[in-house]
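S.K.: Fold the stuff below for me.
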Amino acid sequence: MTAKKTFKELYDEELRKPTAAFVREVSELTHRSEVTVRMWLSGRQVPDELAQTIIAERYKVDVKSLFPREEQNQYV
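M.R.: Next comes the predicted model:
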């Protein structure tokens with residue numbers, strides 16, 4: 001069973017690691033820059049479906065809760 005967490009909640013939960021380590025790990029997993037990952041965290045951008053799936057599978061969270069639709073539409 002996968003957990004239902006937003007990307008920001010996942011980040012906050014991972015704070016037991018250094019912040020830069022989480023950003024670097026997601027950056028390496030998705031083959032995106034650390035700047036891009038930080039934009040996802042701030043809500044200024046939303047990753048494409050493939051990146052969302054990769055993140056969801058790695059952290060065992062529900063892909064639909066990772067970047068909720070309401071949050072995505074907020075920045076359009």
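S.K.: buried residues in stretch 44-60?
M.R.: 45-47, 51-52, 54-56, 59 (16 or more other Cβ atoms under 10 Å). For glycine as for every other residue, the C-beta is placed from the backbone atoms N, C-alpha and C.
S.K.: for stretch 34-44, same thing?
M.R.: 36-41.
S.K.: Endpoints of stretch 42-51, how far apart?
M.R.: Using Cα to Cα, to the nearest Å, the end-to-end distance of stretch 42-51 comes to 16 Å.
S.K.: From the chain's centroid, how far away is that stretch?
M.R.: In terms of Cα atoms, centre = their mean, to the nearest Å, the centre of stretch 42-51 is set 7 Å apart from its chain centre.
S.K.: quick one: average confidence on that stretch?
M.R.: Mean pLDDT, computed over stretch 42-51, is 94.
S.K.: Also stretch 56-64?
M.R.: Per-residue scores along stretch 56-64 average to 91.
S.K.: ditto for stretch 24-35
M.R.: On average, stretch 24-35 scores 96.
S.K.: which other residues reach that stretch?
M.R.: Contacts with stretch 24-35, where a contact means Cβ atoms under 8 Å, 6 or more residues apart in numbering, come from 20, 23, 36-37, 40, 47, 51, 54-55, 58.
S.K.: what about 10 Å?
M.R.: 7, 10-11, 14, 17-18, 20, 23, 36-41, 45, 47-48, 50-55, 57-59 (Cβ atoms under 10 Å, 6 or more residues apart in numbering).
S.K.: Can you point out the buried residues in that stretch?
M.R.: 25-27, 30, 32.
S.K.: and of the residues you listed, the nearest to Ala3?
M.R.: Val26 (16.4 Å; Cβ to Cβ).
S.K.: For that closest one, identify the helix or strand it belongs to.
M.R.: Element membership of Val26 [criterion: DSSP states H and E] is helix 19-30.
S.K.: helix or strand right after that helix?
M.R.: helix 34-42.
S.K.: Return the distance of the helix or strand following that following helix from the chain's centre.
M.R.: Using DSSP H and E, the helix or strand that follows helix 34-42 towards the C-terminus is helix 49-59. Relative to its chain's centre, helix 49-59 lies at 8 Å (Cα atoms, centre = their mean).
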